[in-house]
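[1] Sequence and computational prediction follow.
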Amino acid sequence: MERRILRSTKRRRIYEVKNDEKAENGEIDDMLSNFPDGILLHILSFLDAKYAVQTCVLSTRWRNLWKLIPTLILHSSKFSTLKQFSKFVPKILTLRDTSISLHALDLDRHGHIEPRILKKILDYVCSHNTHLQKLEISLRGDHRLIMRTVSSCHALTSLKLSVWNRGGSCDNSGTRFPKSLSLPSLTNLNLKEFIFSCGENNCAEPFFGFTKLNSLVIDCCSIWDAKTLKISSETLVNLTMHKNIFYIDKIELSTSSLCTFTYTDCFIPRICGTGLASVKQFYVVVTMGQYLEKPGMVLRSWLLDLANVTSLTISSTTLQNLIDFRK
């Protein structure tokens, strides 16, 4: 055992001496330096564009790798000032290798973004929309320009949008979700702060153009001029509804494959259709009941429709509503 320890110690000392010699000559090795470009590009694709560029400065071999990254993450919070962000974005879009397909774009700006910067980014997206699969945009700006760009990206499989008008937060004249948006390849949709418009029969059906939808998140959205929100999808598996303002009578679910349903809100509409029958995991948090009928009555009708549920999570306030209903 002592001999093994001595041999191990000796090998460690030899390795340290060799590295000291290489360090003096500026030749010290590391694991990352030996990785092929494909692996390095994959690692860099998880970094904000600012940090990806800074990382590539560390090695002469990596100097131009950032130009080949298939994703663009542009978060203004990574910059000390908005001016720095506005200066950086045009440069990276201009210098990036245009022959490399853009697979994903994540744009995040807490507040207003300069119209010229937004237009430059969206023009770049449009010029690379053939292979763009993932798009995330969160900012305050021209929502019409953004939605026109989104509608041109037919290869999208994942879309996350949180868009406010330049004049303020979402209101009755704010960011309306298009009635006829069609993205045939979309499987994941996450919407925040949108208004869904009424269609025929006092019904809002904003998602009928997404025929392959697997996951849907509706967060802080609203409906002002419809009595019913209709969600019809044979492929939808996961549905999350969080803090929405729905002045509606009911939600109609025609979702035969729905497996997980998460509902957190203060508004309790009736749910009709076949959607709840297939649900296996149900999570509900109701902070306070707001409905024409007693909230406990509506909640009870939800639970009665959960014929195949295997996991049920209910908050204490939701239970209290049910208890109050039985009194």
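    Nice, thanks for sending it over. Numbering: from 1, shown residues only.

[2] where does the protein have low pLDDT?
    Counting by pLDDT under 70, the ranges of the chain that qualify are 1-30, 166-174, 288-295, 321-327.

[3] Which strand residues bridge the residue nearest the centre of it?
    For the chain, the residue lying nearest the average C-alpha position, counting by C-alpha atoms, centre = their mean, turns out to be Lys160 (3.9 Å). With DSSP bridges applied, the residues forming beta bridges to Lys160 are Glu136, Asn190.

[4] Would you report the backbone torsion angles of Lys50?
    Here the main-chain torsion angles of Lys50 (degrees, to the nearest 10) amount to phi -60, psi -50.

[5] so what's it closest to, chain neighbours aside?
    Excluding the flanking residues, the one nearest Lys50 by C-beta to C-beta, 6 or more residues apart in numbering is Lys78, at 5.0 Å. C-beta here means a position set from N, CA and C on the backbone, and glycine is covered the same way.

[6] show me where the stretch 151-300 of the chain has helices.
    Counting by DSSP state H, counting those that start in this stretch, the stretch 151-300 of the chain forms helices over residues 295-304, given from the N-terminal end onward.

[7] How is this structure divided into domains?
    If the domains of the chain are taken from automatic domain parsing, they occupy 44-169, 197-327, with pieces of a single domain joined by a plus sign.

[8] Turn those domains into a markdown table, columns for distance to Arg176.
    Converted to a markdown table, the domains of the chain look like this (distance: least, C-beta to C-beta, whole Å):
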| stretch | distance to Arg176 |
| --- | --- |
| domain 44-169 | 8 |
| domain 197-327 | 6 |
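
[9] and Ser182, which of these is closest to it?
    Nearest to Ser182, of all the domains of the chain, is domain 197-327, at 3.6 Å by C-beta to C-beta.

[10] next one: the closest one to chain centre, how far?
    Centroid displacement of domain 197-327 relative to its chain, using C-alpha atoms, centre = their mean, to the nearest Å, is 21 Å.

[11] can you check stretch 78-95 too?
    For stretch 78-95, the distance from its own C-alpha centre to the chain's C-alpha centre is 23 Å (C-alpha atoms, centre = their mean).

[12] what sits against Ile314?
    The contact partners of Ile314, taken as C-beta atoms under 8 Å, 6 or more residues apart in numbering, are 284-285.

[13] what do you get for Ser311?
    For Ser311, the residues meeting the contact criterion (C-beta under 8 Å, 6+ apart) are 280-282.

[14] Drop anything exposed from these.
    Of the members of these, the ones counted as buried by neighbours, 16 or more other C-beta atoms under 10 Å, are Phe282.

[15] Columns distance to Ile146 on top of the contacts of Ser311, output as TSV?
    What follows is these, written out as TSV (distance: C-beta to C-beta, whole Å):
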residue	distance to Ile146
Lys280	36
Gln281	33
Phe282	34
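
[16] Just give me the closest of the contacts of Ser311 to Cys153.
    Sorting the contacts of Ser311 by how near they are to Cys153, with C-beta to C-beta, puts Gln281 at the top with 31.1 Å.

[17] Could I have the CA atoms of stretch 77-88 written out in CSV?
    As requested, the backbone C-alpha atoms of stretch 77-88 are provided in CSV (Å, rounded to 0.1, in the frame of the first residue of the first chain):
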residue,chain,number,x,y,z
SER,A,77,-29.5,42.3,-18.2
LYS,A,78,-26.0,41.0,-19.0
PHE,A,79,-24.8,44.5,-19.9
SER,A,80,-24.1,47.4,-17.5
THR,A,81,-26.1,49.8,-19.7
LEU,A,82,-28.7,49.7,-22.4
LYS,A,83,-26.3,51.6,-24.6
GLN,A,84,-23.8,48.8,-24.4
PHE,A,85,-26.4,46.3,-25.3
SER,A,86,-27.6,48.4,-28.3
LYS,A,87,-24.0,48.7,-29.5
PHE,A,88,-23.3,45.0,-29.1
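
[18] All set, thanks.
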